[in-house]
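Sequence plus predicted model, see below.
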Amino acid sequence: MYSEMLRIRLIEEELVRRYSEQEMRCPVHFSIGQEAAAVGICQALSREDSVLSGHRSHAHYLAKGGDLKQMVCELYGKAAGCAGGKGGSMHLIDRSVNFLGSTSIVSGTIPVAVGVAFARKLENSSGVVAVFFGDGATEEGLFYESANFASVHQLPVLFVCENNLYSVYSPLEVRQSSSRKNHLLAESLGIQAIGELDGNSVSVVYEAARKALDTIHSGGGPCFLEFNTYRWLEHCGPGYDNDIGYRTEDEFQSWKQRDPLEILGKRLNSVKSRFKDFKETERKKIKLEISAAISFAKETPFPEEQALSTDVYATKKR
Amino acid sequence: MPLKKDKNKLRRITFCEAVREATLQAMERDDSVLLLGLGVTDPKGVFGTTLGLKERFGKERVYDIPVSENAVTGIAVGLAISGFRPILSHQRADFMLMSMDQIINNSAKWNYMFGGQSSVPLVIRTIIGRGWGQGPQHSQNFQAMFAQVPGLKVVSPTTPYQAKGLMAAAIEDPDPIVFVEHRWLHGQVGDVPENYYSIPIGKAQVMKPGQDLTIVTSLDMTVEALNIAEKLKSQNIDIEVVDLCSVKPLDEETILTSVNKTGRLLVIDSSWKDFGVAAQVTAFVAEKEHGRLKCAIRRMGLPDIPSPSTPALSKNYYPRAKDICLVVEDMLGKKLNLNVFEDEKLPHDVPDPFFKGPF
């Protein structure tokens, strides 16, 4: 799990560095600081389980095993991108690993995930569907409507809320009453729910996910988990924005000290001999993989102009 | 109803029965077809269109749902990208507005925004009310609004024959389809083959051929237009009535062929006149064929006003036969005898007797 988190961190850092080259010509919402929830959940899932996500989805896509080259190509708008360049950073998909899609409208994929879970149930498949969303999505009616439906039909869905305190620049206190608990909202709909979990500790995330998946697999219906975490960078883009006044440098620093990589790294360092060597080897390997993906994305062609009008409608399949 | 012609197994059935039969036969042919909607299992079965389907196919395929239009639309998208073919029904189009996000942002975009990897075979049935004081929020027709969105198709059958064939085609189609039904057409009867068949989406139908003037329209206004065309025959006025059947894709070819023949085009919108389907038809004909027109294209439809409830106000809301004939008179430059229309004597807020069909 450390390697997975390190890989996501290094990929995001490289994309941050490259973003100013202005070759990735799409809005990008980086996941730096929020790697633990993505990795902890996806490690607990099996390959046939599905994942859907929202606008900040790089970590979820990568943690589920989504192809790196195709993701980078998508950001560069290339034909080899996971959506052929038509989606950009906010529309990642890799059906080969059951990452079924991320979209940019807050809460928009929650019902789709419930629908996929409905399909799994109708097919008598053991597959579970995990859907990632933020604290803002719990304010949308869609969250409530979808969770209610999942509960009525006892569908195999894992609702994963990453609470990073801000919706763009709007803090929680202008959006949710201080006495509100999102997990209690879910619980009131008949869903097993745990909230206020440490979303920066990948082992906490993983253990919570394992238990929730056990519940789902044993027919206990959908589950809801809420993890507290923090996005290090600005809402959209590669910069830090602690200076513009919506959050404090102190708040950022206190979360940075609880870096998901550091938390796990410290523990591994104390129990694992030669952890530093392992880390260095991993870092080198990942960096090679990233530079290969970036070079490929830069060289590979853009879509042909006629691709503009393809895929608006599906061709007849039968 | 007795059979009109036995050899094609035609029977005279209502529009509602035709919708139900198409749904039933599609569900028999394809296990992946599911039906979801408020009241689809209740004793009235969405005006009879879903009666007995749960009994026939079981609770695994036919679902009454929570009052959560937006989520259920997204859930239907999730089912559709997982290999199912859901049909989602709304008893009134007005409630469907709750689900605009999932219709427009997800169902219409999913195939495109993921580079064609994940199509959404989804049928959304939506019923338009009219009359009997249904008022501002129970009688809105959003054909044009949906047609403006890339990725959606909009189908609007008028006759029972079209209803069955287009419903079957909509269920077979790999893309999201808004299937518009007009409440005043539900009771109409017409000859419908017993066997399963589908009608291609995107084809208009010439309901009555004519030489003097083309009326392009859909839904309830097709029935009005046919009534007028029939009654004006005796005055030597030969009107061609083209029913759109599908608003999108729009069958430009059939419309242009007709306009080329008659040289006169009146477009009657079943919804608001401004910014609507009639505007689109008018615009493309003007762009492509204005040189052959003998007079200016005319457009009719509902005024830019919400639908009032009281009959005292609604009587001047929907275009009626005489209103349409006044425009026809003007276009032909001929005085017509309008006394053949008994508009004034009949209540305007329930379907006129000629809405019964067959057409």
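Yes, it's here.

what's the burial count for the closest residue to chain A within the stretch 51-200 of chain B?
Closest contact between the stretch 51-200 of chain B and chain A, by Cβ to the nearest Cβ, is at residue B:78 (1.9 Å). Just so you know, the C-beta spots here come from the backbone N, C-alpha and C atoms, and that holds for glycine as well. With neighbours defined by other Cβ atoms under 10 Å in any protein chain shown, the count for residue B:78 comes to 33.

cool, and the one 4 residues further on?
Here the number of neighbours of residue B:82 (other Cβ under 10 Å) works out to 23.

Report the contact partners of the closest residue in space to residue B:40 that isn't next to it in sequence.
In space, and not counting its chain neighbours, residue B:40 is closest to residue B:50: 4.3 Å by Cβ to Cβ, 6 or more residues apart in numbering or on different chains. Counting by Cβ atoms under 8 Å, 6 or more residues apart in numbering or on different chains, residue B:50 touches B:20, B:23, B:35, B:37, B:40, B:41, B:62, B:89.

My guess is residue B:57 contacts residue B:25. True?
No. Checked against Cβ atoms under 8 Å, the pair residue B:57 and residue B:25 is beyond contact range at 11.7 Å.

Let me see the ranges of the strands in the stretch 101-250 of chain B.
In the stretch 101-250 of chain B, the strands defined using DSSP state E, counting those that start in this stretch lie at B:123-128, B:153-155, B:177-182, B:189-193, B:205-208, B:213-217, B:239-243, B:246-248.

buried ones in the fifth one?
Translated: strand B:205-208. For strand B:205-208, a neighbour-count test (16 or more other Cβ atoms under 10 Å in any protein chain shown) marks B:205, B:207, B:208 as buried.

can you redo those as a markdown table with distance to chain A?
Shown next, in a markdown table, are those (distance: Cβ to the nearest Cβ, whole Å):
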| residue | distance to chain A |
| --- | --- |
| B:205 | 22 |
| B:207 | 27 |
| B:208 | 31 |
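
Quick one: end-to-end length of stretch A:184-202, please.
Terminal residues of stretch A:184-202 lie 23 Å apart, using Cα to Cα, to the nearest Å.

So for it, mean pLDDT?
Model confidence over stretch A:184-202, given as mean pLDDT, is 97.

Next: stretch A:279-288.
96.

and what of stretch A:209-217?
Rounded mean pLDDT across stretch A:209-217 is 97.

Can you name the residue of the stretch 51-200 of chain A nearest to chain B?
For the stretch 51-200 of chain A, Cβ to the nearest Cβ, closest residue to chain B: residue A:115, 1.9 Å.

for the helix or strand of chain B with the lowest mean pLDDT, which positions count as buried?
The weakest-scoring helix or strand in chain B, judged by mean pLDDT, DSSP states H and E, is helix B:311-314 (a mean of 92). Of the residues in helix B:311-314, those buried by neighbour count under the rule 16+ other Cβ under 10 Å are residue B:314.

For it, name the packing helices and strands.
Helices and strands touching helix B:311-314, as assessed by 3 or more Cβ pairs under 8 Å, 6 or more residues apart in numbering or on different chains; DSSP states H and E, are absent.

Give me the angle between the helix or strand just after that helix and strand B:213-217.
Next helix or strand after helix B:311-314 toward the C-terminus (DSSP states H and E): helix B:321-332. Relative orientation of helix B:321-332 versus strand B:213-217 (axes from the mean of the first three to the mean of the last three Cα atoms, to 10 degrees): 140 degrees.

what comes up buried for helix B:321-332?
The neighbour-count check on helix B:321-332 (16+ other Cβ under 10 Å) flags B:321, B:322, B:323, B:324, B:325, B:327, B:328, B:331, B:332 as buried.

No more questions from me, cheers.
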